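let me see the structure of the following:
(one chain, ligands or ions: 2)
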Amino acid sequence: MLLKIEDLHVEAGGREILGGIDLEIKDGRTCILFGPNGSGKSTLLAAIMGLGHCRITKGRIIYNDADITNMPIDERARLGIGMMMQRPPNLPGVKLKSLVGAVAGECDIVSRANEFRMDKFLDRDINVGFSGGEIKRSELLQLTAQSPQFLLLDEPESGVDLESIGLVGKKVHDLLYGTANCDRDKKKRVSALVITHTGQILDYIGADHAFILIDGKIKCSGRPADLLKDIRERGYKECIQCRMVKM
Ligand SMILES: Nc1ncnc2c1ncn2[C@@H]1O[C@H](COP(=O)(O)OP(=O)(O)OP(=O)(O)O)[C@@H](O)[C@H]1O
Ligand SMILES: [Mg+2]
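Ligands and ions are numbered 1, 2, ... in the order given. I've put the predicted structure just below:
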């Protein structure tokens, strides 16, 4: 098992947001996380990455047999966990080329950035004044430079225009199948936990399994396309009634 989450309770802003999450992701698998606004999806990803605003009060996160529950964020990144945030912070004073260059190793940064239509942004401070779609492409460029083994993607297609969604979908696909690496011959199937509301990203990636998170708890799981269809046709509450599974 690549990721194993056991009875995870997480607080943010002084109140409990996640109330006992159990979730497993096998090596090489892509899992989808659905759930209504405010249900705790981004908080779950933040807890796995180790972002500072989350306080784990109970439970464990095991990654590749290592207990990372209290591990600092940089150590998690070195273990191969990478995150595309829903709303990443502005980093005034940090140029995109500095950050990408620091993690990209031997890669040609300019041609890399060009692939993401971000070459004109390399001398800009990260996210400062970027549009919604530019932020997504910049996040994906940074993730690609990092070459993570486990991806946490928080609404990768959200706010991206219809023309650019193909580019974002292809780049997520390349990250998952290892073809985004500088050394493209060294392919390895990367694992992922992907949040989506619309399911548009499913057109570009082969997702294996999906979970529905409601009020800080995983309420059901199943095939991504089936759950998405149910959510569209019946809404979250009805969907979990008809697909209630023993977790
Ligand atoms: N730092 C914080 N301080 C206070 N409340 C927080 C904090 N972080 C998250 N919350 C609250 O926790 C709840 C879950 O937030 P979260 O961002 O995880 O939801 P989400 O499922 O990702 O929603 P969305 O689909 O809208 O992105 C929300 O009610 C949010 O306001
Ligand atoms: Mg969110």
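
other residues contacting the host helix or strand of residue 57?
Using DSSP states H and E, the element containing residue 57 is strand 55-63. Defining contact as Cβ atoms under 8 Å, 6 or more residues apart in numbering, one finds that strand 55-63 is touched by 1-12, 16, 20-21, 47-48, 67-70, 76, 79, 81, 150. For the C-beta atoms, the positions are set from N, CA and C on the backbone; glycine is no exception.

for stretch 77-95, same thing?
Here stretch 77-95 has contacts from 42, 45, 48-49, 63-64, 66, 68, 71, 99, 122-128, 135-136, 139-140, 143, 146, 148-156, 158, 195, using Cβ under 8 Å, 6+ apart.

quick one: distance of it to the chain centre.
With Cα atoms, centre = their mean, to the nearest Å as the basis, stretch 77-95 stands 11 Å off its chain's centre.

endpoints of it, how far apart?
20 Å (Cα to Cα, to the nearest Å).

residues of it that come out buried?
Neighbour counts using 16 or more other Cβ atoms under 10 Å place 77, 80-86, 88 of stretch 77-95 among the buried residues.

what's the neighbour count on residue 2?
For residue 2, the neighbour count with other Cβ atoms under 10 Å is 18.

i'd like the first residue to be 19 from this point on
Will do, 19 is the new start, and the previous item becomes residue 20.

which ones are touching the nearest residue to it once chain neighbours are set aside?
Once flanking residues are discounted, residue 20 sits nearest to residue 45: 4.4 Å by Cβ to Cβ, 6 or more residues apart in numbering. With contact taken as Cβ under 8 Å, 6+ apart, residue 45 is in contact with 19-20, 209.

distance of residue 45 from residue 89?
Plainly put, residue 45 is 19 Å away from residue 89 if you go by Cβ to Cβ, to the nearest Å.

any weak-confidence spans in this protein?
Applying pLDDT under 70 to the chain flags residues 197-206, 258-265.

that one: helices as residue ranges?
Here the chain has its helices, by DSSP state H, at 59-67, 91-96, 114-122, 127-133, 150-164, 183-194, 242-260.

middle-most residue in the chain, spatially?
The chain has residue 171 as the residue nearest its centroid, 1.7 Å off, counting by Cα atoms, centre = their mean.

my guess is that one contacts residue 208. True?
No. The pair residue 171 / residue 208 is not scored as a contact, 10.9 Å apart, by Cβ atoms under 8 Å.

quick check: the residue of this structure nearest ligand 1.
The chain approaches ligand 1 most closely through residue 31 (2.2 Å), counting by Cβ to the nearest ligand atom.

hmm, residue 71 and that residue touching each other?
Yes. Residue 31 is within contact range of residue 71, at 7.5 Å (criterion: Cβ under 8 Å).

neighbour-wise, which of those two wins?
Between residue 31 and residue 71, counted using other Cβ under 10 Å, the more crowded position is residue 71 (11 against 8).

check contacts around the more buried one.
So residue 71 contacts 30-31, 64 (Cβ under 8 Å, 6+ apart).

for stretch 63-75, buried residues please.
Under 16+ other Cβ under 10 Å, the buried positions of stretch 63-75 are 63-68, 72, 74.

how about it and ligand 2, touching?
No. Shown here: stretch 63-75 not in contact with ligand 2 (Cβ under 5 Å from the ion), separated by at least 8.0 Å.

how far does that stretch stretch from start to finish?
End-to-end distance for stretch 63-75, by Cα to Cα: 16 Å.
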